[in-house]
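Engineer: sequence plus predicted model, see below.
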Amino acid sequence: MPTHFPLFPPTASTVAVEMDLLYLFIVAICAFFAILVVAVITYFTLKYRRRSPDAVGADIHGSLALELTWTFIPFVLAMVMFGWGASLFFRLASPPANAMELFVVGKQWMWKVQHPEGVREINEMHVPVGRPVRVSIGSEDVLHDYFIPAFRVKMDAVPGKVTTLWFEATQVGTYHIFCAEYCGTKHSGMIGQVIVMSPQDYEAWLAGGKSTGTAVENGERLFTDLSCVTCHKPDSSGRGPSLLGVFGSTVSLADGRKVVADENYLRESIMNSQAKIVAGYQGIMPTFQGMVTEENLLQLIAYIKTLKPAAPAGGQGK
Amino acid sequence: MTIAPRLEDRKSYLDAPHGIASWLLTKDHKRIAMLYLISITIFFAIGGLFALGIRLELLTPKGDLVSGDTYNKMFTLHGVVMIFFFLIPSIPATLGNFLIPIMVGAKDLAFPRINLLSWYLYIIGGIMALVAVAGGGLDTGWTFYTPYSTQASQTSVTLAAMAAFTAGFSSILTGFNFIVTVHRMRAPGMTWFRLPLFVWAQYATSLVMILGTPVIAITLTLVMVERSLHFPVFDPKIGGDPVLFQHLFWFYSHPAVYIMILPGMGVVSELVASVARKQIFGYAFVAFSSLAIAILGFLVWGHHLFVSSQSIYAGLVFSIITMLVAVPSAVKTFNWAATMYKGAVTWESPTFWVIGFMGLFLIGGLTGLFLATLGLDIHLTDTYFVVAHFHYIMVGGAIMAFLGGLHFWWPKMTGRMYSEPFAKASAILVFVGFNLTFGPQFLLGYLGMPRRYHEYPPEFAVLNVLSTAGATILGLGYGLCLIYLLWSLKKGAIAPANPWGAKGLEWEKTQSPPTTFNFDEEVIVTEPAYNYAGSKVHHG
């Protein structure tokens, strides 16, 4: 039995301190009201205890002023909590543009991690301290959830989708990774460690790791192997739309809608190719359901993201 | 009018006619309430045994008592049995069934046969659940999340879903019966604003039951269809969406939390008024806060999905509406506290339960604010913080209120008094045991211990040992309660018509226990509820 008795997990990311402050702020407000109500009830029940068997209480029916007061004050305090919570939530949902990107795939019952340089690991994730890290998360089977208490971040791994979380580690050390969404027999064994290293140690670790090609390189190879390249040509001559600069752009669809081409759009277009047809093209693309794994998908998406728009040359602006 | 004071002098609903068939074919709302009381007690004991298994396993960090699969089945069956077969029917089907007709001055519910049908549907669902337990169990969690439930689980998912589906119809019919009764069966003079607040709370609950339950029935049907026929709904490989399940599931299951707690709030309003012998403070605010909670409760389901890839803008909307639910809950609590002011407060056993309820409900409600706060929920969701929070509401709040109500109306329902010292001891044991069980789980949650973990890292051990110790005390408290209540049936003192000197048709206009048709003469209501100051109380 351990002798230490912690009340907080390690504080090892840039959002952890604010998270703890928000927690303590709400603890303080709640403790105030809990003590107030308990004290009032205790005082009244003792002071006004029944002194004869037939005694009845005073003829009091209520007070509009009091009702409005105790409607208004909890409302205002709840809105303050909402505002602070929402601002922290948006921060957690907005990874910095310069974040390095890792890919994580959950499957029963392990976490597979791939670094942009191609190094892979299982149930461990090495990251450098002081650098924002964006993690793209997929699942091969059922729901999972990538949870790092020391960083105060958590995100479901949802089959059929790419989800993301981000953090910036502030303390070198080793911290828990938990699966926080129930996933079957060894749910509580689907755990691992984040190893936060100094930038130099991280570089050294990366150099020593076994690389199987970077995510982008793997994606590029798949793009050829799966013959994506035969239709999605760099110019507009292919049977499918050009993918140069498609990521992050607004795409006009055949049914008149406009959508932003984010990761989930690319994913859906590969796995369920008939869902959204680009205006001006026919729905002839086959589905790649069952032909590519979740890791392949993340690699393909990583590659497509690197396809920058061709420099506008001549009169044919897009 | 005069009411014969002694059990021996009068026949009651318990006496005539005798025999097992007279109970199994009864149309008397009071007998049906007793059938429910016996059945939910059995299911509570079964659910409690699963809880015992969970707490014993978590006594040590390693998974050394049962296998991972067995542990997963235990927490799943604990949840399914406690929620669908104990908590949802608990107060409505027992106290509500018994009291609503009497409180509105009617002879029975509007549809006595449908009322009996509700009980049979509940029992059929319950037997299906027990067959599922015996034949393979269930390991999906009570939430049945897809795609685990439709593709991965090797257990009796279809049968268990069928069981919850069937029990759901029982709850729809009960809600329907209550609503019609409150609308159509009120005695002359019983205006809406003279209704006891227990009836208001049951009315709000019934609305949630009939509007929400069909959605879970459809959702579970879709799970069964996808699981057995591979009909694509939730499977992303064939165009389905697993998150769709979560939306549908919580569209019912969040309001279902209010099915479990609103009736408890109604019970507490009755108890507070009687304990203080005083008009409830802010009657209209307490009544309308029940409706406000029922309505807002339908608009907050997405707060279960803050980390499930739901749009962050949807998250904002669900967070702010969830915050609004805190307001009517706070209003109720303040009004209960204010009712004690200048009251004539008794220290009989119902007071112990009602104060226990307020303490636990307060903590349960306030910790809901942590989870409604978007950024903080990212860290807390799917951890033991959530487990602690909903047990404070659904066990601390709902069961404390149920037991408080049971103690308060026990003399009316059975015609017997129980031992006051044992009742007080039981309330204290339950309160202390409960806090020791679930208090440490808030800390575990913030530390990061995920829910549904069979094994855990050693730094969580101290808090888990405390929790298991608390569960032992909690179990003793419930066990004691069961023993002295059963004992009172044979040996308890004969209860007078109005042992608490309380206001209300059930105390003032009918004997203990009531006759089959409740009242000997037509009831005419001439005063508001809880009119303690305005008329003399007939004590005893």
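Structural biologist: Great, that's in hand. Residues are numbered from 1 along each chain as shown, chains lettered A, B, ... in the order given.

Engineer: pretty sure B:Tyr36 contacts B:Ala93?
Structural biologist: Yes - using C-beta atoms under 8 Å, B:Tyr36 is in contact with B:Ala93, at 4.2 Å. In short, each C-beta sits where N, CA and C put it, glycine included.

Engineer: what sits up against stretch B:24-32?
Structural biologist: With C-beta atoms under 8 Å, 6 or more residues apart in numbering or on different chains as the test, stretch B:24-32 has contacts from B:13, B:23, B:35, B:97-98, B:100-101, B:108-109, B:112-113, B:115-116, B:118-119, B:413, B:513-514, B:516.

Engineer: contacting residues around residue 71?
Structural biologist: Because you didn't say which chain, this covers chain A. Residues in contact with A:Thr71 (C-beta under 8 Å, 6+ apart) are B:Val327, B:Ala330, B:Val331.

Engineer: looking at chain B here, not the other one
Structural biologist: B:Gly53, B:Ile54, B:Glu57, B:Gly63, B:His454 are the contacts of B:Tyr71 under C-beta under 8 Å, 6+ apart.

Engineer: which residues of the stretch 101-250 of chain A fall in helices?
Structural biologist: Under the criterion DSSP state H, counting those that start in this stretch, helices of the stretch 101-250 of chain A are mapped to A:199-208, A:215-225, A:228-231.

Engineer: likewise the stretch 201-350 of chain B?
Structural biologist: Read by DSSP H, counting those that start in this stretch, the stretch 201-350 of chain B holds these helices, from start to end of the chain: B:242-276, B:283-296, B:312-339, B:349-372.

Engineer: the helix or strand encompassing A:Ile35 vs helix B:349-372, what angle?
Structural biologist: In this structure, A:Ile35 is located in helix A:16-47 according to DSSP states H and E. Using axes from the mean of the first three to the mean of the last three C-alpha atoms, to 10 degrees, the direction of helix A:16-47 lies 160 degrees away from that of helix B:349-372.

Engineer: off-centre distance for the following helix or strand past helix A:16-47?
Structural biologist: Note on helix A:16-47: by DSSP H and E, the next helix or strand toward the C-terminus is helix A:64-93. The chain centre lies 25 Å from the centre of helix A:64-93; the measure is C-alpha atoms, centre = their mean, to the nearest Å.

Engineer: what does stretch B:17-37 give?
Structural biologist: What separates the centre of stretch B:17-37 from the centre of its chain is 22 Å, taken as C-alpha atoms, centre = their mean.

Engineer: report the buried residues of it.
Structural biologist: Neighbour counts over stretch B:17-37 (16 or more other C-beta atoms under 10 Å in any protein chain shown) mark B:Trp23, B:Thr26, B:Asp28, B:His29, B:Lys30, B:Arg31, B:Ile32, B:Ala33, B:Met34, B:Leu35, B:Tyr36, B:Leu37 as buried.

Engineer: need the contact list for the residue in the stretch 51-200 of chain B that chain A sits nearest to.
Structural biologist: For the stretch 51-200 of chain B, the nearest residue to chain A under the criterion C-beta to the nearest C-beta is B:Tyr148, separated by 4.3 Å. By C-beta under 8 Å, 6+ apart, B:Tyr148 lies in contact with A:Val142, A:Leu143, A:Tyr182, A:Cys183, A:Gly184, B:Thr140.

Engineer: out of the residues you listed, which comes closest to B:Gly477?
Structural biologist: Of all these, A:Tyr182 has the smallest distance to B:Gly477: 29.8 Å, by C-beta to C-beta.

Engineer: what's the separation between that closest one and A:Val229?
Structural biologist: With distances defined as C-beta to C-beta, to the nearest Å, the gap from A:Tyr182 to A:Val229 amounts to 41 Å.

Engineer: on that earlier part again, mutual contacts of B:Tyr36 and B:Ala93, please.
Structural biologist: Counting by C-beta under 8 Å, 6+ apart, the shared contacts of B:Tyr36 and B:Ala93 are B:Trp119, B:Tyr122.

Engineer: B:Lys412 and B:Ala495 touch, don't they?
Structural biologist: Yes - under the criterion of C-beta under 8 Å, B:Lys412 lies in contact with B:Ala495, with a separation of 7.3 Å.

Engineer: any common contacting residues for those two?
Structural biologist: Residues touching both B:Lys412 and B:Ala495 by C-beta under 8 Å, 6+ apart: B:Ser512.

Engineer: just to revisit the earlier point, could the buried residues of stretch B:17-37 be laid out in a markdown table, adding distance to B:His254, pLDDT and secondary structure?
Structural biologist: Written out in a markdown table, the entries for these read as follows (distance: C-beta to C-beta, whole Å; pLDDT from 0 to 100; DSSP: H, G, I helix; E, B strand; the rest coil):
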| residue | distance to B:His254 | pLDDT | secondary structure |
| --- | --- | --- | --- |
| B:Trp23 | 36 | 89 | helix |
| B:Thr26 | 35 | 92 | coil |
| B:Asp28 | 34 | 93 | coil |
| B:His29 | 29 | 95 | helix |
| B:Lys30 | 32 | 95 | helix |
| B:Arg31 | 33 | 95 | helix |
| B:Ile32 | 29 | 96 | helix |
| B:Ala33 | 27 | 96 | helix |
| B:Met34 | 31 | 96 | helix |
| B:Leu35 | 29 | 96 | helix |
| B:Tyr36 | 24 | 97 | helix |
| B:Leu37 | 27 | 97 | helix |
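
Engineer: name the element the nearest residue to A:Tyr182 once chain neighbours are set aside belongs to?
Structural biologist: Nearest in space to A:Tyr182, with sequence neighbours left out and distances taken as C-beta to C-beta, 6 or more residues apart in numbering or on different chains, is B:Arg452 at 4.5 Å. With elements delineated by DSSP H and E, B:Arg452 resides in a region that no helix or strand encompasses.

Engineer: count of residues packed around B:Arg452?
Structural biologist: Around B:Arg452 there are 22 other residues, counting by other C-beta atoms under 10 Å in any protein chain shown.

Engineer: so what's it up against?
Structural biologist: B:Arg452 sits next to A:Tyr182, A:His187, A:Ser188, B:Asn72, B:Phe75, B:Gly141 when contact means C-beta under 8 Å, 6+ apart.
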